[in-house]
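> Sequence and computational prediction follow.
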Amino acid sequence: MNKTMKSTNAKSNTFLSIQEAATALSMRFKKVVIEADILKLALDKKIKISVELTSPIKAVRGKIVDQFNTEWVLDHRPSSNNKLPPELERGNPACPPSLEQQWECAHPELLHEYYPILQSTKINEDIYLNFETDTEELLGFFSLPMLGGEKEDIEHKYNLLTDRPTDALKNSEACYIEDECGKIFKILIHKSEYEFSEETSELQEIKKKIKEQKIQRPEAQQLLATHKSKFQNFYQDAAEKYEQVRFTKLAEREKYETALSLPINSQIVIKNEEIERFSGMETIKFTDDVTEVFSNSEITLLVIFNALLKFKNYDYKKRGQSKIIEIDTKPFINPVGKETIRLKFVKISTALKSGQIREAHYESVDAQNKNIKEIETLAKSKLKENGKQLERRERNIYLTMIAGLCNDTKLNYLENTTIEIVSNLPDIKINRILSDEIRIIFNEIREVVRHKEKEK
């Protein structure tokens with residue numbers, strides 16, 4: 001029998017991507033939250049994440065039971081030296097009913113030749129899973145219970161994001177998902193696809209290479225993406241070929257193996273209400289309490305952005321300021337949304353608290369000189385990606401916001417006098433942003449704005 005089931009626990013607009021969830025929590029806690037933080041919270045079971053199955057998959061329904069309700073079969077004893085645990089012996093009150101029934105059906109004279117084999121899946125000493133034999137077809141959104149291969153998938157993503165070593169081989173024997181009623185499902189994979197699935201020897205070799213050669217995140221992600229692209233189109237062709245040649249006479253369940261990973265075309269998401277629940281907590285600890293480290297180019301833009309906010313008497317800590325700046329950027333082809341602006345406010349706060357940038361309005365000359373030395377020390381000891389440039393899209397967001405703040409008669413980004421004004425702002429001085437850097441950035445703004453006007 002083959003059942004078909006679509007998850008009913010949500011619509012797509014009630015879920016956020018992991019990046020969107022990180023942005024939402026950044027605004028809630030006034031601290032930069034990154035994707036790795038969300039994954040770490042999920043691994044620590046402080047927040048529940050989900051998976052969107054964009055294509056139907058096969059699965060078998062499971063039920064969580066204790067040891068007493070596990071399922072067993074009898075098989076020939078592998079060795080006469082294998083001593084049977086007392087709780088598995090016939091007649092013992094602790095013997096699971098399923099096993100007791102097997103003992104009763106066995107031939108009395110052959111009891112010494114049999115040994116019980118656990119059919120249930122053991123998660124830990126307290127949790128076991130009994131599975132049905134019928135397959136079901138699943139589609140939509142399901143939670144990740146963090147019991148097996150799905151947990152290892154998240155750990156792998158987390159390790160890649162935080163430049164930690166990654167395990168090439170799977171340790172779990174199955175991958176699980178959970179519906180809104182708490183029912184557990186074990187994911188299956190067609191035997192024709194199994195050879196080319198996430199558990200392929202080639203993928204294992206790639207993960208092993210990432211770990212042994214300590215390949216950094218961008219290159220590691222590119223290697224994995226290339227592998228995924230290589231095999232994605234092959235799956236369907238292989239499935240059709242093997243279906244016709246090898247599996248036409250097999251029963252439905254016999255056509256499938258247990259999957260060790262989430263489907264290759266699935267997406268990790270998080271429920272909106274889960275973010276709202278977690279946002280209600282008063283305190284939060286993020287990944288190893290590590291503050292985001294900004295590149296030199298982003299620090300320069302953050303300093304200029306913050307200095308201009310103060311020059312125009314905008315207090316980013318007050319409500320409604322992001323809306324004002326959003327309006328300032330409206331004249332441009334790609335105005336910046338208020339949520340993106342709020343995230344930049346969070347970055348300013350983080351950079352200030354971590355000492356990566358300084359404010360000058362209350363500091364003495366001695367304190368300023370001390371802070372300059374601290375910044376130089378931090379740059380040498382901590383900013384391991386200090387020379388890395390921002391992606392063009394991110395840089396353009398900063399340039400557009402700066403242009404928006406300098407788009408009036410008092411401060412016009414088209415005028416050279418504006419460069420002089422900005423170069424002499426106190427925060428620019430203490431952070432040692434040179435006038436030549438300001439000039440380059442404003443020249444770039446002029447080019448970007450003019451380019452957008454041409455597009456228009």
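Good, I have the coordinates. Numbers count the residues shown, from 1 in each chain.
> Tell me which helix or strand in the protein has the weakest average pLDDT.
The helix or strand of the chain with the poorest confidence is helix 365-381; it has a mean of 43 (mean pLDDT, DSSP states H and E).
> Which is the succeeding secondary structure element to it?
Where DSSP states H and E defines the elements, the next helix or strand beyond helix 365-381 is helix 392-405.
> for the stretch 201-350 of the chain, what spans make up the strands?
With DSSP state E, counting those that start in this stretch applied, the stretch 201-350 of the chain shows strands at 256-258, 267-271, listed in chain order.
> nearest to Glu35, of the ones you listed?
Checking the strands of the stretch 201-350 of the chain against Glu35 by CB to CB gives strand 267-271 as the closest, at 9.4 Å. Placement of C-beta: from N, CA and C, glycine included.
> Okay, angle between the helix or strand that Thr23 is a member of and strand 267-271 too, please.
Secondary structure assigned from DSSP H and E places Thr23 in helix 18-29. Angle, helix 18-29 to strand 267-271, by axes from the mean of the first three to the mean of the last three CA atoms, to 10 degrees: 30 degrees.
> Stretch 327-336 - what's its average pLDDT?
Mean per-residue pLDDT for stretch 327-336: 87.
> How far off centre is that stretch?
31 Å (CA atoms, centre = their mean, to the nearest Å).
> rank the strands of the stretch 201-350 of the chain by mean pLDDT and give me the bottom one.
The minimum mean pLDDT among those belongs to strand 256-258 (a mean of 83).
> Quick check: buried residues in that strand?
Buried positions in strand 256-258, judged by neighbour count with 16 or more other CB atoms under 10 Å: Tyr256, Thr258.
> again with stretch 402-413
Buried, per 16+ other CB under 10 Å, within stretch 402-413: Ile402, Ala403, Gly404, Leu405, Cys406, Asn407, Leu411, Tyr413.
> Now do the contacts for the fourth one.
Remark: with contacts taken as CB atoms under 8 Å, 6 or more residues apart in numbering, Leu405 is in contact with Phe305, Leu308, Leu309, Phe311, Lys312, Tyr314, Ile325, Asp328, Leu411.
> quick one: Leu203 and His227 touch, right?
Yes. Counting by CB atoms under 8 Å, His227 is a contact partner of Leu203 at 5.8 Å.
> who touches both of those two?
By CB under 8 Å, 6+ apart, Leu203 and His227 have no common neighbours.
> Downstream of the helix or strand containing Glu100, the next helix or strand is which one?
Using DSSP H and E, Glu100 falls within helix 97-105. Later in the chain than helix 97-105, the nearest helix or strand by DSSP H and E is strand 114-118.
> Listing partners with orientation, what would you give for the helix or strand following that next one?
Going down the chain from strand 114-118, the next helix or strand is strand 121-122, by DSSP H and E. Partners of strand 121-122 in the sheet, by DSSP bridges, are strand 128-143 (antiparallel).
> per-residue pLDDT, the residue lying closest to Tyr128 once chain neighbours are set aside?
Excluding its sequence neighbours, the residue lying closest to Tyr128 (CB to CB, 6 or more residues apart in numbering) is Ser120, at 4.4 Å. pLDDT for Ser120: 82.
> how deep is Ser120 tucked in, by neighbour count?
By other CB atoms under 10 Å, 20 other residues sit near Ser120.
> And for the one 3 residues further on?
Burial measure for Ile123: 17 neighbouring residues, criterion other CB under 10 Å.
> Pull the contacting residues for it.
Applying CB under 8 Å, 6+ apart, we find Ile123 in contact with Leu129, Leu147, Gly148.
> how far away is it from Ser172?
Computed as CB to CB, to the nearest Å, the Ile123 to Ser172 distance reads 10 Å.
> would you turn the buried residues of stretch 402-413 into a markdown table with pLDDT and distance to Cys181?
As requested, the buried residues of stretch 402-413 are exported to a markdown table (pLDDT from 0 to 100; distance: CB to CB, whole Å):
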| residue | pLDDT | distance to Cys181 |
| --- | --- | --- |
| Ile402 | 92 | 51 |
| Ala403 | 90 | 52 |
| Gly404 | 89 | 49 |
| Leu405 | 91 | 52 |
| Cys406 | 90 | 56 |
| Asn407 | 85 | 54 |
| Leu411 | 86 | 59 |
| Tyr413 | 85 | 57 |
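> end-to-end on stretch 212-223?
With CA to CA, to the nearest Å as the measure, the ends of stretch 212-223 fall 14 Å from one another.
> mean confidence for that stretch?
Regarding stretch 212-223, the rounded mean pLDDT is 76.
> same check, this time on stretch 429-446
Per-residue pLDDT over stretch 429-446 has a mean of 86.
> Residue ranges in the stretch 151-300 of the chain under the pLDDT threshold?
Where the stretch 151-300 of the chain drops to pLDDT under 70, the residues are 163-171, 192-202, 204, 228-254, 281-292.
> How are the helices of it distributed by residue range?
Counting by DSSP state H, counting those that start in this stretch, the stretch 151-300 of the chain has helices at residues 191-194, 201-212, 217-245, 272-279, 296-311.
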